[in-house]
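# sequence and predicted model, in that order:
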Amino acid sequence: MDVYLPIANLAVNGLVIVALGLATGILSGVFGVGGGFLTTPLLIFYGIPPTVAAASAASQVTGASISGVFAHSRNDGVDYQMGVVTVTGGMVGALLGALLFNLLRAAGQIDVVINVLYVLMLGTIGSLMARESIEALRNRGGSSGGKRAAKRRHHPMIANLPYRWRFYRSGLYISPLGPLILGVVVGILTMLMGVGGGFFMVPAMLYILGMSAKVVVGTSLFNILFITMLVTMVHAFTTRAVDIVLAGLLLIGSVTGAQLGTKIAGFAKPEHLRLVLAMIVLAIAAQMAWGLGVRPDEVYTVVPL
């Protein structure tokens with residue numbers, strides 16, 4: 001079933017795009033990640049221009065985050081005060097990212113930058129996840145008695161920032177400048193790469209801000225929801241790279257896949273699932289790195305200006 005993508009300016013098999021959304025949705029449900037950091041590379045592999053893939057993936061993440069926010073909100077799993085601070089920083093980051101996006105595209109380097117960022121990001125995430133899952137498997141295979149986990153606290157750098165606030169649901173008394181800067185970084189990454197930022201936001205909230213694990217996922221989804229909405233609007237009005245047909249097909253697949261993934265997650269061990277995801281992430285990073293270093297079949301491409 002061929003479908004024409006007006007912004008990407010090419011015809012694709014609609015069922016393949018839905019299947020890609022289904023695959024990332026299953027990964028989201030099984031592994032507890034947003035899936036957006038895998039959607040863009042998979043679209044690029046299929047032949048979608050990186051700029052269109054990144055912009056359209058952001059709109060897909062928006063739709064997929066709504067139900068998650070409502071579910072966590074019912075269980076008091078969202079720190080709205082922290083969320084407002086990170087969203088404010090994310091809005092600033094999205095605008096900075098839009099400026100950087102346009103500058104790189106004007107210089108003709110945006111596709112290369114997106115690919116390089118993905119190689120670095122996926123390689124780092126995959127390596128950390130693989131190491132963590134292997135250590136967890138070793139600990140399970142060894143003696144049951146081990147060291148008691150240390151109480152989680154915010155990073156000393158965060159403790160030294162001025163103007164402290166109390167974030168009651170997160171159990172923190174820290175400066176809002178830390179979450180604000182974190183939001184700016186996530187906003188820039190979302191604008192450039194079309195990802196929700198959860199892959200970066202969740203570990204940063206846990207290990208840098210020291211937030212309670214009970215509210216981390218819900219607060220991250222709250223931030224992702226509003227930042228990806230803003231990023232989609234900014235892309236639509238400035239870069240004009242959002243392909244609504246592509247985003248719609250991805251959303252159909254991802255919503256269905258997330259439900260399937262949630263059911264699959266109930267039958268598998270978390271350590272094995274994380275190791276499988278790490279291998280998938282590293283394989284995609286290696287493929288993208290290979291593509292950056294290999295001469296393409298067509299060195300020059302003719303496109304209308």
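Ah, there it is. Since this is a predicted model, take the numbers as computed values, not measurements.

# what's the following helix or strand after the helix or strand containing M229?
Counting by DSSP states H and E, the element that carries M229 is helix 213-234. Moving toward the C-terminus from helix 213-234, the next helix or strand (DSSP H and E) is helix 244-265.

# gap between the next helix or strand after that following helix and the chain center?
Downstream of helix 244-265, the first helix or strand assigned by DSSP H and E is helix 270-293. Offset of helix 270-293 from its chain centre (CA atoms, centre = their mean, to the nearest Å): 15 Å.

# quick check: angle from helix 270-293 to helix 244-265?
Helix 270-293 and helix 244-265 meet at an angle of 150 degrees, taking axes from the mean of the first three to the mean of the last three CA atoms, to 10 degrees as the criterion.

# on that earlier part again, name the helices or strands packed onto the helix holding M229?
Packing partners of helix 213-234 (3 or more CB pairs under 8 Å, 6 or more residues apart in numbering; DSSP states H and E): helix 50-74, helix 80-106, helix 177-193, helix 198-204. The way it works is simple: take the backbone N, C-alpha and C, and place the C-beta from them, glycine included.

# send the alpha carbons of it over as PDB?
Output of helix 213-234 as PDB, limited to C-alpha atoms (Å, rounded to 0.1, in the frame of the first residue of the first chain):
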ATOM      1  CA  ALA A 213      11.900   6.900  41.800                       C
ATOM      2  CA  LYS A 214       8.100   7.000  42.400                       C
ATOM      3  CA  VAL A 215       7.700  10.300  40.400                       C
ATOM      4  CA  VAL A 216      10.600  10.100  38.000                       C
ATOM      5  CA  VAL A 217       8.800   8.400  35.100                       C
ATOM      6  CA  GLY A 218       5.600  10.300  35.400                       C
ATOM      7  CA  THR A 219       7.400  13.700  35.700                       C
ATOM      8  CA  SER A 220       9.600  12.800  32.700                       C
ATOM      9  CA  LEU A 221       6.500  12.000  30.600                       C
ATOM     10  CA  PHE A 222       4.900  15.300  31.700                       C
ATOM     11  CA  ASN A 223       8.000  17.100  30.500                       C
ATOM     12  CA  ILE A 224       8.200  15.100  27.200                       C
ATOM     13  CA  LEU A 225       4.500  15.800  26.400                       C
ATOM     14  CA  PHE A 226       4.800  19.600  26.500                       C
ATOM     15  CA  ILE A 227       8.300  19.800  25.000                       C
ATOM     16  CA  THR A 228       7.500  17.600  22.000                       C
ATOM     17  CA  MET A 229       4.300  19.600  21.400                       C
ATOM     18  CA  LEU A 230       6.300  22.800  21.300                       C
ATOM     19  CA  VAL A 231       9.000  21.200  19.200                       C
ATOM     20  CA  THR A 232       6.400  19.900  16.700                       C
ATOM     21  CA  MET A 233       4.900  23.500  16.400                       C
ATOM     22  CA  VAL A 234       8.300  25.100  16.100                       C
END
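
# and the angle from that helix to helix 244-265?
170 degrees.

# report the angle between helix 213-234 and helix 177-193.
Using the same axes, to 10 degrees: helix 213-234 against helix 177-193 is 50 degrees.

# in the chain, which helix is the longest?
Secondary structure assigned by DSSP state H gives helix 110-141 as the longest helix of the chain.

# may I see the buried residues of that helix?
110-111, 113-115, 117-119, 121-123, 125-126, 129-130, 133, 136 (16 or more other CB atoms under 10 Å).

# what are the buried residues along the helix holding M229?
Buried residues in helix 213-234 (16+ other CB under 10 Å): 214-232, 234.

# re earlier: quick one: closest of the helices and strands packed on helix 213-234 to V294.
Shortest distance between V294 and the helices and strands packed on helix 213-234, using CB to CB, is found for helix 50-74: 16.1 Å.

# what's the average pLDDT for that closest one?
Computed over helix 50-74, the mean pLDDT rounds to 73.

# which residue is the nearest non-sequential neighbour of I284?
Leaving aside its chain neighbours, I284 sits nearest to P41 (5.1 Å; criterion: CB to CB, 6 or more residues apart in numbering).

# the one you found reaches M121, doesn't it?
No - P41 lies out of contact with M121 (CB atoms under 8 Å); the separation is 9.9 Å.

# need phi/psi at L5.
Per-residue torsions, L5: phi -100, psi 110 (degrees, to the nearest 10).

# how far away is it from P162?
Separation of L5 from P162 (CB to CB, to the nearest Å): 49 Å.
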